[in-house]
Structures are given as C-alpha cells and as structure tokens.
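Chemist: quick one: sequence and predicted model below, then my questions.
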Amino acid sequence: AQSVAQPEDQVNVAEGNPLTVKCTYSVSGNPYLFWYVQYPNRGLQFLLKYITGDNLVKGSYGFEAEFNKSQTSFHLKKPSALVSDSALYFCAVRDTGSARQLTFGSGTQLTVLP
Amino acid sequence: GAGVSQSPSNKVTEKGKDVELRCDPISGHTALYWYRQSLGQGLEFLIYFQGNSAPDKSGLPSDRFSAERTGGSVSTLTIQRTQQEDSAVYLCASSYRTGGPETQYFGPGTRLLVL
C-alpha cells in the first residue's frame, strides 16, 4: 500500500521569504515522488519528481524538493516566494513495485502575502 | 505541443441521468489515467489503461462507472444513473508508458454537477 500525508492544510508566507510545504509518504518498496500545483479551475501542473540519486531535486519556477529517506519526507521548498506562487500544492507517491497510479496527499493551500 | 484535453469542461445533469466524459491524451502517450477530485475525498484514482492491456479498474467506486479507450487514444468515462455524490471534478492524465517514473500530465478536468 502507498500513502501520502500533507500535514498542513494552509501555509501562509510573506513575499520574498522562503517557503516550505511538507510531505511525508509511506510505501512498501522504493518511492517515486512528485509535486504538482493546481491553480483555480485548472488541472494539475507538474513541478518536479524524485526518482533516485541526488536527494535535492530542482523543478519548475524555482521550486526544489528534498528527499529524506530516513524521515520518509519530500518537502517542497523555494528560497524566495512570489505572490503568483499562491495555489494548491499536491504531493504524490508511486511505489516502484506494482502500483501504477499515483496516490495524492490532501493538498496544501499556499498563500503568499504581498 | 498539445496537452491533455477534456470535454466538456462543465456538465450539469439531473440525478439518474447518464453522462459521458471525454479525454484526449497527449499524442504518443500509451498510458491514460482517470482521477476524481472532490471536496470530501481529495484526489482519488479511478482507472488506468496501458496500451492494449486490460485496464486496471480497481479504483472505480461502483458498477455505475465504466470507461473505455478506443484505438489506444481517446477515452470515455461513463457514469450511469448519476447520483449527487458523483459531483466532482474528473481529471484525466496521460504518460508515455507505465512501469517507470514517467510523469503523468493532467488535463484541465471536467466539473460535474449532479442536481
């Protein structure tokens, strides 16, 4: 079985400050991990993914995420937030074993305040 | 290039009616997924297709839900005898193939409202 937890429903940060959106996962094997962003009335846009190798993954729009196997976490980060980063963020996991579909977290609403 | 497209973008129907939702994946993508996004349930997997293999229907919530994929491309999700709890956004995604860490690319979704 695979599962994802996003412990924060809402994250507020001031523009220009660093942001972190938290994600922890559970899989029986090794994980593929993804971050997606959703703007209002839009589908999900892919940001970045972790496959293997370097624990720091860089993605679109200046976002990055750090894979931590011991803590089973994959937190999304950005050094300097923009107001336009305000959106709903989803973490997702896929077990490298038999699962083909993604399992998503419940989402975190990020609000960047001007 | 063109992304995943879905139609209609919005659908309002009466309880008990049947609805069909369409998904056109990215050209060349052999894997196609349907997910449902609802307020109470978050994003949940419904079904996926990979090439000519039998689809994985393990996420379909009831036998009122079915899906087909014709010619390995366009897919239609059908909900029979719709219920109010079927109201949700139905998202389609495609990827180059399954079996590896391929990225799933999502369409804009169909927002279904059952009155």
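Modeler: Cool, the structure landed. Bear in mind that the values here come from a model prediction, so they are computed numbers and not experimental data.
Chemist: give me the contact list for the lowest-mean-pLDDT helix or strand in chain B.
Modeler: Lowest on mean pLDDT, DSSP states H and E among the helices and strands of chain B sits strand B:42-50, with a mean of 91. Contacts to strand B:42-50, defined as CB atoms under 8 Å, 6 or more residues apart in numbering or on different chains, come from residues A:90, A:100-107, B:30-38, B:55-61, B:65, B:67, B:69, B:75, B:77, B:90-91, B:97-98. Backbone N, C-alpha and C define where each C-beta goes, glycine included.
Chemist: next SSE after that strand?
Modeler: strand B:65-69 (DSSP states H and E).
Chemist: quick one: contacts of the next helix or strand after that next one?
Modeler: Scanning forward in sequence from strand B:65-69 by DSSP H and E, the next helix or strand is strand B:75-79. Residues from elsewhere that reach strand B:75-79, judged by CB under 8 Å, 6+ apart: B:18-23, B:25, B:32, B:34, B:46-47, B:49, B:64-70, B:86, B:90, B:92, B:112.
Chemist: so what strands line up beside strand B:75-79?
Modeler: On the basis of DSSP bridges, the sheet neighbours of strand B:75-79 come out as strand B:19-24 (antiparallel), strand B:65-69 (antiparallel).
Chemist: in stretch A:89-104, which residues are buried?
Modeler: By 16 or more other CB atoms under 10 Å in any protein chain shown, the buried positions in stretch A:89-104 come out as A:89-96, A:99-104.
Chemist: for it, measure first residue to last.
Modeler: Start-to-end span of stretch A:89-104 (CA to CA, to the nearest Å) is 10 Å.
Chemist: do that stretch and chain B meet?
Modeler: Yes - on the criterion CB under 8 Å from any CB of the partner chain, stretch A:89-104 is in touch with chain B at A:90, A:94, A:96, A:100, A:101, A:102, A:103, A:104.
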